Every structure is written in C-alpha cells, then in structure tokens.
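> the sequence and its predicted three-dimensional model are supplied below.
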Amino acid sequence: MALSVNKNDDRELRVYENVDELSSNLADYIAELSESCIKERGVFAIALSGGSLVSLMSKLSEAPYNKTVDWARWYIFWADERVVAKSHVDSNYKLLKDGFLSKVPIVHSHVHSINDLVSAEQAAEDYEFVVRQLVRTRVISVSEVNDCPRFDLILLGMGPDGHIASLFPNNPVLNEIDQWVTFITDSPKPPPERITFTLPVINSAANVAIVVTGGGKADAVHVAIDDVSGDCPELPARMVRPINGELVWFLDLSAASKIESVKFSE
Ligand SMILES: O=C1O[C@H](COP(=O)(O)O)[C@@H](O)[C@H](O)[C@H]1O
C-alpha cells in the first residue's frame, strides 16, 4: 500500500500504487468483514453499486476467497439500480451477475434485485418493501440511532461528477430523509430512470467503502475529501458520513493525486 491515513473525522483513506494492488486489498477487506459479521450475526448483508466497482472486486471470486468465504450466509442488495430489463447492458444486476454472482455459490433467494417490470417510482417502493421485510427478520440489522437499515457493508463507486449510487449533484433526492429507497427519472448519466438508496440509509451502514480509480476522478476526490472553501456545491460523495459506522476510501494514486491534505509517496 502506498499509504493509509485516518483523517481526524472518522474517514480512512487507503491509497494504492495501482489498480491491481487496490483490487487485492479490496477483496481482503470484504472477506474480512464478511467473516466478522457472520461470526457476530450469522449473516452478511452487503449492498453494491454498479460501474467500475464490479471489476475492481473481481478478485473476490477467485482463490482463496472462492473457497474460504461463507457464501451461503451472504445477502445481496443494490445501493442503486437502473430501471431497465435485467438482461439490458445498462443493468447493474446484469453487470454484477456476469462479473461476480455467476462465479460464486451465493444462494439464489438471497439475491435481492429490483422489480424491472414497473415504473421507477414503483420499483423504488417495491425495493423499500423488500428491505423492510428483511429488517423485520433481522437479515439486515437495524440502526440504534434511527430506524434505518444497518447494512453490514455498502460498497460505492463514484462518478467524475462526485455522484455515488444514483445520488447526483444538486438533485433534490439528496435531501430525502423519509424514504429508504427513492427514484429519479432525470439522471444526467444515462439511463435516466433509476432507483437509489437515500443518504440516511447509506449513512446508517456499519461499513461504507467508496472505491475510486483513475485521474479523471481526481478533482471530485479532492472536493470530496479536502476542506474546500468557496461556494462549490455539496458533492454527494462528500455527504457520505456514517453516523455510527466506518468509512473507508479505496483509491489508486491517480485518483488520489489532487488530495491536498495528505502527501503521498511517489
Ligand atoms: O451510474 C452509475 O455510476 C456510478 C459510478 O460508476 P463508475 O463506472 O464511474 O465507477 C456507480 O457507482 C453507480 O452504481 C452507477 O449506477
């Protein structure tokens, strides 16, 4: 690892020389959390995003993890999903199924994808219902601070505009505090119709990891992590601050190259 820094505010930055090193350490991190959660609660409830994250976690489906992880105890959710058919190239479900789920023995009924046959609004409502049922049965734990679900781990990517899940800069859904899952029909990044976990759900997780690589995202990483003055809009990625959980940023050197508050080795 090039560097691991604990910022004073409960955020941990892990910066790696390259994508390969980051991927190995990300697989380790997920496997360790899975083991400790299963020891403690008997299950592991993980919510994932789409995008580059899926290939960055691909080592988790390889040796030794394919044999050592207790896959039967995993429950899979999506932190955000595009409202398209599950067979569509834009589907986050399809991306994860092709890149990960098809390679590990996760129980089919533990994979909770959205209803892709209804409107975005209905799909968000249906998905929240599913999450509520699983909170009731404690497959997903519950936050002691609010009544939100407390996922064992939420894995997020970040776009070059600083969006996480399908929470985009300046979108009113950033202020949603009543719903656990909401929808948008005007995503600036196609496709336009999406559902997404809201910030209260993301910030109630026991662990959140934001995984970002590449120089094209370095400006957004800088704004999300440094104390930036001026009237730049609040970036969604900056608004990720687990109330009673751990936040870790996984970055490669290119993505971390514009962070001012930390000096990295060459
Ligand atoms: O549209 C989306 O974008 C973000 C970021 O994707 P990336 O390819 O730039 O990493 C992703 O995290 C989200 O799940 C997805 O719906």
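Looks like it arrived, so ask away.
> all contacts plus neighbour counts: C-alpha atoms, from now on.
Will do.
> ok, now which ones touch residue 207?
151-154, 242, 245-248 (C-alpha atoms under 8 Å, 6 or more residues apart in numbering).
> and those residues, which is closest to the ligand?
For the contacts of residue 207, the minimum distance to the ligand (C-alpha to the nearest ligand atom) is 11.1 Å, reached by residue 154.
> name the helix or strand for that closest one, please.
In the assignment (DSSP states H and E), residue 154 maps to strand 153-156.
> dump the contacts of residue 207 to TSV, plus neighbour count and distance to residue 58.
Shown next, in TSV, are the contacts of residue 207 (neighbours: other C-alpha atoms under 10 Å; distance: C-alpha to C-alpha, whole Å):
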residue	neighbour count	distance to residue 58
151	25	21
152	24	20
153	24	17
154	25	16
242	20	26
245	18	25
246	18	23
247	24	21
248	19	19
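> the closest residue to residue 117 other than its chain neighbours: neighbour count?
Leaving aside its chain neighbours, residue 117 sits nearest to residue 85 (7.4 Å; criterion: C-alpha to C-alpha, 6 or more residues apart in numbering). Counted with other C-alpha atoms under 10 Å, the neighbours of residue 85 add up to 15.
> quick one: residue 85 from residue 206, how far?
Note on residue 85: its distance to residue 206, by C-alpha to C-alpha, to the nearest Å, is 31 Å.
> ok, which residues in the stretch 1-150 of the chain are in contact with the ligand?
Residues of the stretch 1-150 of the chain lying close to the ligand by C-alpha under 6 Å from any ligand atom are 49-53, 80-81.
> measure the residue nearest to residue 203 when sequence neighbours are not counted to residue 180 for me?
Closest residue to residue 203 apart from its sequence neighbours, by C-alpha to C-alpha, 6+ apart: residue 242 at 3.9 Å. To residue 180, residue 242 is 15 Å away according to C-alpha to C-alpha.
> ok, now residue 238?
Noted for residue 238: a distance of 19 Å to residue 180, by C-alpha to C-alpha.
> mind listing the helices for this structure?
Taking DSSP state H to define them, one finds helices in the chain at 19-41, 53-56, 65-68, 92-99, 120-136, 199-202, 218-225.
> and for residue 52, the neighbour number?
If you count neighbours by other C-alpha under 10 Å, residue 52 ends up with 16.
> residues contacting the closest residue in space to it that isn't next to it in sequence?
Closest residue to residue 52 apart from its sequence neighbours, by C-alpha to C-alpha, 6+ apart: residue 157 at 6.9 Å. By C-alpha under 8 Å, 6+ apart, residue 157 lies in contact with 49-53, 164-165, 210-212.
> one more time with 10 Å
Residues near residue 157 by C-alpha atoms under 10 Å, 6 or more residues apart in numbering: 48-54, 56, 163-165, 209-213, 237, 249-250.
> now residue 176: how far from the ligand?
According to C-alpha to the nearest ligand atom, to the nearest Å, residue 176 and the ligand sit 18 Å apart.
> is it true that that residue touches residue 184?
No - shown here, residue 176 and residue 184 do not form a contact pair, counting by C-alpha atoms under 10 Å, at 11.8 Å.
> more crowded one of those two?
residue 184 (21 against 14).
> bridged to the more buried one, which residues?
Note on residue 184: beta-bridge partners by DSSP bridges are residue 194.
> list the residues that contact it.
Counting by C-alpha under 10 Å, 6+ apart, residue 184 has contacts 82-83, 120-121, 124, 166-168, 171-173, 192-196.
> where in the protein is the helix or strand with the lowest mean pLDDT?
Here the helix or strand of the chain ranked lowest by mean pLDDT, DSSP states H and E is strand 3-6, holding a mean of 79.
> and that strand, what does it pack onto?
In terms of contacts (3 or more C-alpha pairs under 10 Å, 6 or more residues apart in numbering; DSSP states H and E), strand 3-6 is packed against strand 11-16, strand 246-252.
> what comes up buried for it?
Residues of strand 3-6 include none that count as buried (16 or more other C-alpha atoms under 10 Å).
> returning to what we had before: and the residue nearest to residue 117, how close does it get to residue 114?
In this view, residue 85 and residue 114 are 10 Å apart by C-alpha to C-alpha.
> what residues do these two have in common as contacts?
residue 93.
> residue of the stretch 151-266 of the chain closest to the ligand, please.
Per C-alpha to the nearest ligand atom, residue 157 is where the stretch 151-266 of the chain lies closest to the ligand, at 3.7 Å.
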